[in-house]
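*Asks:* I'll drop the sequence and a predicted model, then ask my questions.
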Amino acid sequence: MTNPWLVTLSTVFIWWFSTGAILWRVRRADLEGRGAHQLSVVLGLPLLIFGFLYLHRSSDDTTVQGAHIAFLAALSVWGWFELAFLSGVVAGPNRLPCPEGASMSERFVRATGTILWHELALLAAMIACTVIVSDNENRIGLLTFGILYTARISAKLNLFLGVPRINVQFLPSPLAHLASHFKLARMNFLFPVSVTVLTFAAGCFLERAISAESDAGFIGHVLIAVLTLLALLEHWFMVLPLPDQKLWTWMLPTAVTERNRARARAARRAERAKASPLSGAIAVAGAAPATSVPLLRRPPRGGK
């Protein structure tokens, strides 16, 4: 795929769909109960394994296909860490809400404790990506993970310092305490710096794409530029009064929908039972009274 418009649209779709898929699975696990979150993380391990595998395999592939594979591989690795975090499996040692009236320093220490294991895991993954790609020519995977990593740290710091809009409805039950560590505020000093740096980075990647001498270099930098612009958009979602949550809330299951699905499954089982001849015969036999057939007795000798 070398058409920049198709590449842009596909990147936006992957961003929207992958985010929705993770939120959907986490919400389902919330409704399913204990152990479901851990099961989600275990079942998602192929994302991590194959992500690192194909990041390595594509690191010396300088074709357009190699750029796409490296991009998707990095997203796969990132997706698993996001799933592990939202499931509460790889989060942090502090699972307590922040007390009201806590000082800035106390808030920072407590907030760091809520995400410490996740931050260390992401740092280790970033180092692993750097080692895997290190001396090879295809660095699209490393740039992809690096942009996601940098934008994620920026977003967390902005949520801590204070922004006008915070969507807490996506927080699953294992991370419900995180809401108390966020801060609602009109603005903070870091936000203008964050959006300026992301805008500048997107411009640099677009410039690299335009000046690229190969299709692979062009497409690879278009992918990174679009991803950076999406990270910039997510930052603006924290400020602008836009209903961004509607992008995914419509696809998330609720307790009501789960009950309706359970009733529908029970109704289908009942219909299948009625339609089965064997089950119908068993039901008829079971419904017949035990005394409905009289016992035959041999008449006595001599007609007596």
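*Replies:* Looks like it arrived, so ask away.
*Asks:* CA atoms for contacts and neighbours, from now on please.
*Replies:* Fine.
*Asks:* Sort out which residues of stretch 189-205 are buried, please.
*Replies:* For stretch 189-205, the buried set under the neighbour-count rule, 16 or more other CA atoms under 10 Å, comprises 191, 194, 195, 198, 199, 201, 202, 205.
*Asks:* Send me that stretch as CSV with only the CA atoms.
*Replies:* Written as CSV, here are the backbone C-alpha positions of stretch 189-205 (Å, rounded to 0.1, in the frame of the first residue of the first chain):
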residue,chain,number,x,y,z
PHE,A,189,1.9,24.5,32.4
LEU,A,190,2.8,21.3,30.7
PHE,A,191,-0.1,21.0,28.2
PRO,A,192,1.1,23.8,25.8
VAL,A,193,4.6,22.2,25.8
SER,A,194,3.1,18.8,25.1
VAL,A,195,1.0,19.8,22.1
THR,A,196,3.8,22.0,20.7
VAL,A,197,6.3,19.2,20.8
LEU,A,198,3.9,16.7,19.3
THR,A,199,3.0,19.2,16.5
PHE,A,200,6.6,19.8,15.8
ALA,A,201,7.4,16.1,15.7
ALA,A,202,4.5,15.4,13.3
GLY,A,203,5.8,18.1,11.0
CYS,A,204,9.3,16.6,11.1
PHE,A,205,8.0,13.2,10.2
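*Asks:* Now do the strands in the stretch 201-304 of the chain.
*Replies:* Assigned strands in the stretch 201-304 of the chain: none (criterion: DSSP state E, counting those that start in this stretch).
*Asks:* Quick check: which ranges of it have low pLDDT?
*Replies:* 255-304 (pLDDT under 70).
*Asks:* Rebuild the buried residues of stretch 189-205 as TSV, extending it with distance to residue 103.
*Replies:* Output for the buried residues of stretch 189-205, formatted as TSV (distance: CA to CA, whole Å):
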residue	distance to residue 103
191	21
194	24
195	27
198	30
199	33
201	34
202	36
205	40
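*Asks:* of those, closest to residue 136?
*Replies:* Among the buried residues of stretch 189-205, residue 205 lies closest to residue 136 (CA to CA), at 19.3 Å.
*Asks:* Tell me which residues touch that closest one, please.
*Replies:* If you count contacts by CA atoms under 8 Å, 6 or more residues apart in numbering, residue 205 has them with 221, 222, 224, 225.
*Asks:* Try it again at 7 Å.
*Replies:* 221, 224, 225 (CA atoms under 7 Å, 6 or more residues apart in numbering).
*Asks:* ok, now how distant is it from residue 7?
*Replies:* Distance, residue 205 to residue 7, by CA to CA, to the nearest Å: 14 Å.
*Asks:* With residue 207 instead?
*Replies:* 16 Å.
*Asks:* Residue 86 now?
*Replies:* 29 Å.
*Asks:* neighbour-wise, which of those two wins?
*Replies:* residue 86 (25 against 18; other CA atoms under 10 Å).
*Asks:* Let's see the pLDDT reported for that one.
*Replies:* Looking at residue 86, its pLDDT stands at 94.
*Asks:* Distance of it relative to residue 27?
*Replies:* Residue 86 is 10 Å from residue 27, by CA to CA.
*Asks:* Check the contact lists of the two and give me the overlap.
*Replies:* residue 172.
*Asks:* circling back: just the buried residues of stretch 189-205: which are in helices?
*Replies:* Judged by DSSP state H, the buried residues of stretch 189-205 include 191, 194, 195, 198, 199, 201, 202, 205 as members of helices.
*Asks:* Mind telling me what element the residue nearest to residue 36 when sequence neighbours are not counted is part of?
*Replies:* Nearest residue to residue 36 in three dimensions, chain neighbours excluded: residue 29, at 4.9 Å (CA to CA, 6 or more residues apart in numbering). Per DSSP states H and E, residue 29 falls inside helix 4-32.
*Asks:* What segments of the stretch 101-250 of the chain are helices?
*Replies:* Along the stretch 101-250 of the chain, counting by DSSP state H, counting those that start in this stretch, helices occupy 104-133, 140-161, 190-210, 215-237, 246-249.
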